[in-house]
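> just the structure for this:
(chains A and B)
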There are 2 protein chains.
Amino acid sequence: MSKKSEELQAYLKEISLYDHVVELLYWDMETSVPKLGQAAHVEAMTKFSTDSFTMSTSEKMGALLDALAEPEEYEALDDMWKFIVTRMKRDYDKNKRIPVELYEAFTRERAESGNAWREAKNASDFAMFAPHLKKMIERTREITAYTDPGKEVYDALLDQYEEGMDSASIDKLFEELKAELVPLVDKILEAQSRREDAQEDALFRKTFDVNGQRAVQDMLLEYIGFRRDAGCVGETEHPFTLNFNSKDVRISNHYHEDEPISAMFSAIHEGGHGIFEQNVNPDYDNTAAGSCSYMGIHESQSRFYENILGRRRSFWTPIYDRLGELLPEFKEIPFDAFYRRINRVKNSLIRTEADEVTYCFHIILRYEMEKAIFRDHVAVEDLPALWNQKMQEYLHITPQNDAEGILQDMHWSDGSFGYFPSYLLGSIYDGMYLETVEEELGSVDRLLEEGRIGEITKWLNTHIHQYGSTRTPKEVLAAVCGREVSAKPLMRYFTEKYTEIYDL
Amino acid sequence: MSKKSEELQAYLKEISLYDHVVELLYWDMETSVPKLGQAAHVEAMTKFSTDSFTMSTSEKMGALLDALAEPEEYEALDDMWKFIVTRMKRDYDKNKRIPVELYEAFTRERAESGNAWREAKNASDFAMFAPHLKKMIERTREITAYTDPGKEVYDALLDQYEEGMDSASIDKLFEELKAELVPLVDKILEAQSRREDAQEDALFRKTFDVNGQRAVQDMLLEYIGFRRDAGCVGETEHPFTLNFNSKDVRISNHYHEDEPISAMFSAIHEGGHGIFEQNVNPDYDNTAAGSCSYMGIHESQSRFYENILGRRRSFWTPIYDRLGELLPEFKEIPFDAFYRRINRVKNSLIRTEADEVTYCFHIILRYEMEKAIFRDHVAVEDLPALWNQKMQEYLHITPQNDAEGILQDMHWSDGSFGYFPSYLLGSIYDGMYLETVEEELGSVDRLLEEGRIGEITKWLNTHIHQYGSTRTPKEVLAAVCGREVSAKPLMRYFTEKYTEIYDL
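Numbers count the residues shown, from 1 in each chain, chains lettered A, B, ... in the order given. So this is what the prediction gives:
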């Protein structure tokens, strides 16, 4: 290993310690910090995040990367370091153009905006959040102008969350999906309306002990393969996943006494993200190769566990009795009723609680909102009305207040514009993976029924997880499925599954 | 405000951000981090703690403090800044003698030792912990030789946790206490043995819902005045309190299904520490004036709430019904049986679960152990036997294993030698405060019965809490009680209370 390469490693190691505490401050901000303690956390987060940014965009870093990009040095690197140097050089060139004062201000404002969003949501008052949202939009434009000069801002954002994606590709995929999904959903909803069963609904209308829900969550996480020696679970209003490195991957969950299914599927979803990160090649830890930085690919894993596996009858066959043992309220719920419940298609207000089919509309709506913000320059004050109008268009319902409307998601509060499409891209990829998994491993239902879910996880570890960021989304799909992205497999999956469930 | 003084403030602000993340890493290490994530936390903790130490002992800091200690600058400072400069100058002179490499190594080893202790305790295997304990003892000697050259090491440690205390003073206090306590406890134990009541014991031998225990904890914390907008509660095996500043004060608790009283009294104890820190003058935040650095004084507050108030019948009179509402298992427990239970005196193995009377022996034992380590150089291998011998001497029982013997407390694992006496000093102070409170506010029982606990808390806020570190223990006692420390009031309290309870 060359001297330059050792120097880079040492420098990355140092920077990673700054990132480590920034991540921890973020985790704590979500899970623990009391209201009056937020300001000190924001202060620390701003300092250490800015320090990390300053080091990552320093002359020293530039010189190291330049030296290692020289053919003689570069050719001596192994594949991992070749990837790291190339990736870092690209990001360095983009990020060094951002003035450090802008980065610092944005870091502080993001954290403040996140706190304001929480308060606005609790008060169901968009006006409390609007100035912060405006600021987030402005700063995003400003920063993107530095990182991607000359590029259309929303395309730059999409690429940032899912490398290689732009709105032309997404438009095509989403339109392809919509063409078949809209009529399918109409048919399903009609069938669902005939099927409404007050007696069956009543089975779920009781109090589900929160400790029992935690026990079920722990059982599910163990079942799908989330490792507790390299991970933990926290409690937050909005479940999410955060990873320091492959050895410390954290997910969070929420528990509602009157709604046990939410915590179960959040656990499976976040557990899917968590399993991904725990199984990235540990040699990549704390480098640009480690962790998966493609959100579409990331969501494809969480949503594969949550939907493709988790909403399947066979997923529950080996464990449904344990559910009743851990959460006795389930003893009175027949397996069939549970299965119908977790696949009940209904137009509803909250994205994270939606079934897997109407969920697509929640994403398309947000994608169109983001285009309206960044392309059509729709004013922040006009966004709630636009939101509600799109809710009517796609889901035929109108939120009664901001909390169940435009304020429901945290993403925009920290400037994560362009993230939302990742969820649906993830599902689209999942349709493709499912076909490949069945070609290679045989029937997923048979594997699950026989309690062999570990073989599916192992397949995902081998084909996807271990690579972390070293394969771009396009490369993942080419390597795993041998073809370009298409929404057709997802539509086939939806059509087959719901035709059977609803006797269409 | 002078330029130098502004410079010092800015520098302190910067250092406080490093301390902030070190505290957070510590909190997370105790509450959340998975096993495989510990190493990265230790690494970050070592880095940022060492950075903070380096800044605190830098030439720049020395020059600032020297400049501000010059009469012209010093006289222009307000009282708070006078205190800060004087205190920091004293600490600077001590700490700058410690080689930074030694500090760094000790920081890392402490964290590793803490993790090793947890594992050793779980395995109940002292041998796993012994090399770390040996290292902690060596490093403590080494560092004390730098900070307090020429001073007897154990006296230096005692002074570090309770300024102005040394073993001569503590010997005298503890001997004074023992002379009356030993015969009193003998009488109580004899009475207790006649009183053993299997039927009453059976009332407590059931499963107490953990959620209910959390609800009781929250009610108790609110009742005594712990503020949730400036504090939160985490879950750890060993309850403790940690504060970032007066606006973010955290306590932790544990919950045992078969033992609800432990979580209640841990909540009241840690809540007492927490109330102290939340009520320090917020102007002192992140300076040497803020937080209370005297552990005897600190424990005097936690133990005042836990014992002087919390084990009193009148404390529970206004809230005992709520206990039954929140933890229905308590509905079957008559108030009298509960009151007897929380004051049942029995020789037992675990310090933190002991009654307030025999608790004193647990501390005297640890104090004698620490003297044996630092004065008599007893070898680490011989400590478990010495522990067991002293358990026989003071409590007439012998631990069956290391986990319930020498491994039970975490203090030595991070090098906190000299802390233990603080607990008993705290109780000794409490006896004195109690007399003063009753002189000034009237009967504590009447106040509590009338639900006026807030007036007692306010009294403590005014007379003790707000001062943070600006008054030394001797100054606190002089200001609050107008006299020197004495164990007599505590003995009077014990004698009166238990003579009544046990009809002695």
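
> residue in the stretch 1-150 of chain A nearest to chain B?
As assessed by CB to the nearest CB, chain B sits closest to residue A:37 within the stretch 1-150 of chain A, at 2.9 Å. In short, each C-beta sits where N, CA and C put it, glycine included.

> which residue ranges form the helices in the stretch 251-400 of chain A?
Using DSSP state H, counting those that start in this stretch, the helices of the stretch 251-400 of chain A run over A:260-278, A:295-303, A:313-316, A:320-326, A:335-342, A:359-374, A:383-395.

> let me see the contact set for residue A:459.
Contacts for residue A:459 (CB atoms under 8 Å, 6 or more residues apart in numbering or on different chains) come out as A:437, A:440, A:441.

> same question, residue A:112
Contacts of residue A:112 by CB under 8 Å, 6+ apart are A:42, A:132.

> tell me which element residue A:233 is part of?
strand A:231-235 (DSSP states H and E).

> go through the following helix or strand past that strand and flag the buried ones.
Beyond strand A:231-235 on the C-terminal side, the first helix or strand identified by DSSP H and E is strand A:241-245. Neighbour counts using 16 or more other CB atoms under 10 Å in any protein chain shown place A:241, A:242, A:243, A:244, A:245 of strand A:241-245 among the buried residues.

> quick check, the second one in contact with residue A:25.
Right, residue A:242. No. In this structure, residue A:242 is not within contact of residue A:25 by CB atoms under 8 Å, at 11.0 Å.

> helices or strands up against the strand holding residue A:233?
helix A:3-31, helix A:210-224, strand A:248-253, helix A:260-278 (3 or more CB pairs under 8 Å, 6 or more residues apart in numbering or on different chains; DSSP states H and E).

> mind putting these into CSV with mean pLDDT and mean neighbour count?
Output for the helices and strands packed on strand A:231-235, formatted as CSV (pLDDT from 0 to 100; neighbours: other CB atoms under 10 Å in any protein chain shown):
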stretch, mean pLDDT, mean neighbour count
helix A:3-31, 97, 19
helix A:210-224, 96, 20
strand A:248-253, 98, 26
helix A:260-278, 98, 25
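
> which of the ones you listed sits closest to residue B:411?
helix A:3-31 (25.0 Å; CB to CB).

> tell me what angle that closest one forms with strand A:231-235.
Relative orientation of helix A:3-31 versus strand A:231-235 (axes from the mean of the first three to the mean of the last three CA atoms, to 10 degrees): 30 degrees.

> any residues of chain A in contact with chain B? List them.
Within chain A, the positions near chain B by CB under 8 Å from any CB of the partner chain are A:17, A:20-21, A:24-25, A:27-28, A:32-37, A:39-41, A:43-44, A:47-48, A:209-211, A:228-232, A:234, A:244-245, A:247-248, A:250.

> repeat that for 7 Å
Neighbours of chain B within chain A, by CB under 7 Å from any CB of the partner chain: A:17, A:20-21, A:24-25, A:28, A:32-37, A:40, A:43-44, A:47-48, A:210-211, A:228-232, A:234, A:244-245, A:247-248.

> with adjacent residues omitted, what lies nearest to the residue nearest in space to the middle of chain A?
In chain A, the centroid-proximal residue (CA atoms, centre = their mean) is residue A:299; its distance is 4.7 Å. With sequence-adjacent residues excluded and distances taken as CB to CB, 6 or more residues apart in numbering or on different chains, residue A:299 is closest to residue A:426, at 3.0 Å.

> next SSE downstream of the helix or strand harbouring that neighbour?
Using DSSP H and E, residue A:426 falls within helix A:421-441. Using DSSP H and E, the helix or strand that follows helix A:421-441 towards the C-terminus is helix A:444-449.

> which helices and strands does that following helix pack with?
Counting by 3 or more CB pairs under 7 Å, 6 or more residues apart in numbering or on different chains; DSSP states H and E, the packing neighbours recorded for helix A:444-449 are helix A:313-316, helix A:421-441, helix A:453-463.

> what comes up buried for it?
A:444, A:447, A:448, A:449.

> can I get it as CSV, trimmed to CA atoms?
C-alpha atoms of helix A:444-449 as CSV (Å, rounded to 0.1, in the frame of the first residue of the first chain):
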residue,chain,number,x,y,z
VAL,A,444,-40.9,-18.2,-2.8
ASP,A,445,-44.1,-19.5,-1.2
ARG,A,446,-42.6,-23.0,-0.9
LEU,A,447,-39.4,-21.6,0.7
LEU,A,448,-41.4,-19.5,3.1
GLU,A,449,-43.8,-22.2,4.0
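
> tell me the spacing between the residue lying closest to residue A:355 once chain neighbours are set aside and residue B:43.
Spatially, and ignoring its direct neighbours in sequence, residue A:355 is nearest to residue A:345 (4.8 Å; CB to CB, 6+ apart). Remark: distance between residue A:345 and residue B:43 (CB to CB, to the nearest Å) = 49 Å.

> those two: which is more packed in?
residue A:345 (22 against 17; other CB atoms under 10 Å in any protein chain shown).

> next up, the contacts around that one.
A:185, A:188, A:189, A:192, A:355, A:357, A:358, A:498 (CB atoms under 7 Å, 6 or more residues apart in numbering or on different chains).

> hmm, the fifth one is touching residue A:344, no?
Yes. With contact defined as CB atoms under 7 Å, residue A:355 and residue A:344 form a contacting pair (6.3 Å).

> may I see the buried residues of stretch A:304-319?
A:304-317, A:319.

> so which of those is the closest to chain B?
residue A:305 (19.7 Å).

> now the closest one, nearest residue through space, not along the chain?
Going by CB to CB, 6+ apart, residue A:305 has residue A:272 as its nearest residue, at 3.4 Å.

> which outside residues touch the one helix or strand in chain A whose mean pLDDT sits lowest?
Using mean pLDDT, DSSP states H and E, helix A:198-203 stands out as the lowest-scoring helix or strand of chain A, at a mean of 92. Applying CB under 7 Å, 6+ apart, the contact partners of helix A:198-203 are A:332, A:333, A:337.

> and the contacts of stretch A:291-299?
A:161-163, A:165, A:243, A:273, A:276-277, A:280, A:419, A:422-423, A:425-426, A:429, A:468-469, A:472-473, A:476.

> enumerate every residue touching the residue in the stretch 201-350 of chain A that chain B sits nearest to.
Relative to chain B, the nearest point of the stretch 201-350 of chain A is residue A:248 (2.8 Å; CB to the nearest CB). Listed by CB under 7 Å, 6+ apart, the contact partners of residue A:248 are A:230, B:33, B:34, B:36, B:37, B:40.

> got the CA positions of stretch A:273-280 in PDB?
Provided in PDB are the C-alpha atoms of stretch A:273-280 (Å, rounded to 0.1, in the frame of the first residue of the first chain):
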ATOM      1  CA  HIS A 273     -33.000  -1.700   5.400                       C
ATOM      2  CA  GLY A 274     -31.200  -2.900   8.400                       C
ATOM      3  CA  ILE A 275     -30.300  -6.300   7.000                       C
ATOM      4  CA  PHE A 276     -29.000  -4.600   3.900                       C
ATOM      5  CA  GLU A 277     -26.600  -2.500   5.900                       C
ATOM      6  CA  GLN A 278     -25.500  -5.200   8.200                       C
ATOM      7  CA  ASN A 279     -24.500  -7.300   5.300                       C
ATOM      8  CA  VAL A 280     -22.500  -4.800   3.300                       C
END
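
> how far off centre is that stretch?
The chain centre lies 13 Å from the centre of stretch A:273-280; the measure is CA atoms, centre = their mean, to the nearest Å.

> nothing else from me, thank you.
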